[in-house]
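Got a sequence here, can you model it:
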Amino acid sequence: MTRDLEAARAALGADGLLDDVTLLDAVGTACLLMAAADGELAPAETRRIADMLITLAGSEESRPAVETALEGLAREVVGPAQAIALARIRGQLRDPGQRRKALACVATVAWADGSLDDAELDLLGRLADEFGVGAEELERLLAVLRDL
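Predicted coordinates for the structure are as follows:
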């Protein structure tokens, strides 16, 4: 988990920590989408995402609420509901800085095992397109994660 947090902080860079409930919801959903990219969402993945969000938000006392919210969001990221989840995320994240924060967190989840498989790369590319993040900026973000 420490490596995940270091990676998330490095990827977020100057954009700072997560400090908004809507941003936390959108980032949580996007991270769950990434964790489910292989077609399965394991409880350990959900716990790791909760740990990362709680730490980045700086609010350990919100753990029960975050974990409950992620359990509910998990139903939205597997199967045909993915398109609805993507549309909701796109609507929640209107600010380019928020979109970069979300993509950094999602990339951290994807990179948790030290590599990116085809499904993870595909989803990162789709999210980058949805968020208006160019290929060069996405590659810079991934380079930061590779260098950790």
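
Please look at residue 29 and residue 85 and confirm they touch.
Yes: counting by CB atoms under 8 Å, residue 29 does reach residue 85; the two are 5.4 Å apart. Where you see a C-beta, it was placed from the backbone N, CA and C, and this is true even at glycine.

Does residue 141 touch residue 104 like I think?
Yes: in this structure residue 141 lies within contact range of residue 104 using CB under 8 Å: 6.1 Å.

What segments of this structure are helices?
Secondary structure of the chain (DSSP state H): helices located at 2-12, 21-35, 43-57, 63-74, 82-92, 96-110, 118-131, 135-146.

any idea how far the nearest residue to residue 92 once chain neighbours are set aside lies from residue 32?
Distances taken as CB to CB, 6 or more residues apart in numbering put residue 26 closest to residue 92, at 4.1 Å, once the chain neighbours are dropped. In this structure, residue 26 and residue 32 are separated by 11 Å, where distance is defined by CB to CB, to the nearest Å.

before we move on, what about residue 24?
Using CB to CB, residue 24 is found at 12 Å from residue 32.

between the two, who's got more neighbours?
Neighbours per residue, other CB atoms under 10 Å: of residue 24 and residue 32, the larger number sits with residue 32, 25 against 21.

Just give the closest residue to that one, not the sequence neighbours.
Once its chain neighbours are removed from consideration, residue 32 has its nearest residue in residue 77; the separation is 4.4 Å (CB to CB, 6+ apart).

what does residue 30 give?
The shortest distance from residue 30 to any non-neighbouring residue, by CB to CB, 6+ apart, is to residue 106 (4.7 Å).
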